[in-house]
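Peer 1: here is my input, please return the structure:
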Amino acid sequence: NQRADGPASDVTSFCAQIAANASQPTDTVTNEATGNTSTSRGQHAEDYLRNAPDEISDVAQKILSDRQNNRPIDRATSQRLLNWFEIRCFPEAAQPGAEARNQRFAPIPVAAGLTICGVFNQFDIQPINDAYGTITIFGDSAFQDPYSAPMIGLVESREEVLRDDDTATSIAIPGHPDAVISTMTSAFSNRIDGSQVISWREGDRSIGVFGRSYGAERTAQLRAIASAVTMNGTQPAIALNALPIDSHELFHGPLLATSYLNVASDPTATSSLTANRGRVQMNTQVMWEGGSGAHEAIRFFAPQVVPQTLAGHSVLAGPVIGSAQLGPGSFDLARWSPSPGIVVTALSLPDPGRPPVDLRTLIRTTRRLDRSEWETLINQSDGCFGDLVQSRTASGAGSGSPAESRPAVTATTSPTPPTSVP
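Peer 2: Numbering: from 1, shown residues only. Model prediction:
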């Protein structure tokens, strides 16, 4: 029953096919007149459901029949398969003595007014992670907190254009006649005041030199830095002596690591949860607060996220997108370490007409779960994340969901957690 090389009816083999199917990127098109949707998946993409293990065969056959007959998949049926997948396909999660990547955390007991309605074990979607490109962040070592000072980010991406079209103007960069300078932006084209980016195309990639806190008065300095960028294969590089004095590398890694709106679908997470119809999202990652710099990299596109102490924890917290709606003193992102080697990131999304969820409550109540508690949360899952996407789309909010936005500088689409399978 646990042979990795067994027939599809084996649990392990069927789990692998579900994961492979759910990891495939797809284009979904909705007919606005009829509401019908179609995807780019092949006609026989879900045929593996014919060989589901006996314990879930009836559910798999119902989903396959709906697919083949172009009927909408019943949400409750899809949720049964998803919950089965989360429990049976991750047997090591939340077990006693589990290594860091198999530990599970959640805000238990659940605070009044908060309902956890979706929990997920994340599986490897590294190819999607890689597609968005990389970023190298440079800061000033003369500051105790380099993220509080002007910074440089060097980015390459096949998916992002790395510019704000509304403010872009041409700028002379040797060898790059297409170079433009524009206001630095984060998700949803949210402009970061007093910051600029110079970008151009290099083959199939966009190259961007981001100057956070490099306003118009420092344009000449940013231009000089951009002019010193060289290419090492597909990767841009810049010598430290071309940067301001005391500059050093703070982080080099996936561009997605800087995304504060990628919490629910972060490819590096080991688990995630959503609450209150998806307004609250959390993930758990195997990450040390020091070392690679990944812990603080999220601050590059979120300057108001700063170190502070909340609920007895050292926390990175502050307002990000939509902060103007949250009121004074509130915050909607927090990142902290509840256990050595574990980092939890929580995001509270603004919802017009409703107060933000106080993330300090989540910090106080988040703890490690045992296997029984983890399975109970999974069995209670009802697909609330999909409700949030649908409600925001219906209300015209469009890209108000983090799963519908790319991580860094433009608002488009990104990978989502498997809120339904296949």
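Peer 1: so where's the stretch 301-422 of the chain shaky on pLDDT?
Peer 2: 321-331, 352-356, 385-422 (pLDDT under 70).
Peer 1: if we go to 50?
Peer 2: By pLDDT under 50, the weakly predicted segments of the stretch 301-422 of the chain are 322-329, 387-422.
Peer 1: could you pull out the strands in it for me?
Peer 2: With DSSP state E, counting those that start in this stretch, the ranges of strands along the stretch 301-422 of the chain come out as 306-310, 313-318, 333-339, 342-348, 366-368.
Peer 1: show me what counts as buried in the shortest one.
Peer 2: With burial defined by 16 or more other CB atoms under 10 Å, the residues of strand 366-368 counted as buried are 366, 368. All C-beta spots, glycine's among them, are computed from the backbone N, C-alpha and C.
Peer 1: name the helices or strands packed onto it?
Peer 2: strand 105-107, strand 333-339 (3 or more CB pairs under 8 Å, 6 or more residues apart in numbering; DSSP states H and E).
Peer 1: direction included, what does that strand pair against?
Peer 2: strand 105-107 (antiparallel) (DSSP bridges).
Peer 1: after the partner strand comes which helix or strand?
Peer 2: Sequence order places strand 116-121 as the next helix or strand after strand 105-107, per DSSP states H and E.
Peer 1: alpha carbons only: can I get that next one in PDB?
Peer 2: Coordinates of each C-alpha in strand 116-121 appear next as PDB, following Å, rounded to 0.1, in the frame of the first residue of the first chain:
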ATOM      1  CA  ILE A 116     -10.000  28.200  10.100                       C
ATOM      2  CA  CYS A 117     -11.500  26.800   6.900                       C
ATOM      3  CA  GLY A 118      -8.600  25.500   4.800                       C
ATOM      4  CA  VAL A 119      -5.300  23.800   5.700                       C
ATOM      5  CA  PHE A 120      -2.800  22.500   3.200                       C
ATOM      6  CA  ASN A 121       0.400  20.500   3.000                       C
END
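Peer 1: which strands or helices does it pack on?
Peer 2: By 3+ CB pairs under 8 Å, 6+ apart, strand 116-121 packs against helix 75-88, strand 105-107, strand 271-275, helix 371-380, helix 384-394.
Peer 1: now do it: distance to the chain's middle.
Peer 2: Distance, stretch centre to chain centre, for strand 116-121: 15 Å (CA atoms, centre = their mean, to the nearest Å).
Peer 1: and stretch 74-86, by the same measure?
Peer 2: 23 Å.
Peer 1: what residues of that stretch count as buried?
Peer 2: Quick answer for stretch 74-86 (16+ other CB under 10 Å): 77-86.
Peer 1: kindly report the same for stretch 239-259.
Peer 2: Applying 16+ other CB under 10 Å to stretch 239-259 flags 243-244, 247, 250-259 as buried.
Peer 1: farthest-separated two in these?
Peer 2: Across those, the longest distance by CB to CB is 26.9 Å; it joins 244 and 256.
Peer 1: what's the closest non-adjacent residue to residue 157?
Peer 2: Take residue 157 and drop its neighbours on the chain: the residue closest to it by CB to CB, 6 or more residues apart in numbering is residue 133, 3.1 Å away.
Peer 1: how many neighbours does residue 181 have?
Peer 2: 25 (other CB atoms under 10 Å).
Peer 1: ok so, going back, for the residue nearest to residue 157, give me its contacts.
Peer 2: Residues in contact with residue 133 (CB atoms under 8 Å, 6 or more residues apart in numbering) are 155-160, 205, 254-255.
Peer 1: for it, what are phi and psi?
Peer 2: Backbone torsions of residue 133, given as degrees, to the nearest 10, read phi 100, psi -170.
Peer 1: what pLDDT does it get?
Peer 2: You'll see residue 133 listed with a pLDDT of 91.
Peer 1: one step back: could you dump the helices and strands packed on strand 116-121 to TSV with distance to residue 181?
Peer 2: Compiled in TSV, the helices and strands packed on strand 116-121 are given as follows (distance: least, CB to CB, whole Å):
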stretch	distance to residue 181
helix 75-88	46
strand 105-107	43
strand 271-275	37
helix 371-380	48
helix 384-394	33
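Peer 1: which of the ones you listed sits most buried?
Peer 2: Among those, the stretch with the highest mean neighbour count (mean count of other CB atoms under 10 Å) is strand 271-275, at a mean of 26.
Peer 1: okay, the helix or strand following that strand in PDB with CA atoms only?
Peer 2: Going down the chain from strand 271-275, the next helix or strand is strand 280-286, by DSSP H and E. Presented in PDB, the C-alpha positions along strand 280-286 are these (Å, rounded to 0.1, in the frame of the first residue of the first chain):
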ATOM      1  CA  VAL A 280      -6.400  35.500   6.900                       C
ATOM      2  CA  GLN A 281      -3.600  33.400   5.400                       C
ATOM      3  CA  MET A 282      -0.600  31.800   7.100                       C
ATOM      4  CA  ASN A 283       2.200  29.500   6.000                       C
ATOM      5  CA  THR A 284       5.000  27.700   7.700                       C
ATOM      6  CA  GLN A 285       8.600  27.500   6.300                       C
ATOM      7  CA  VAL A 286      11.800  25.800   7.300                       C
END
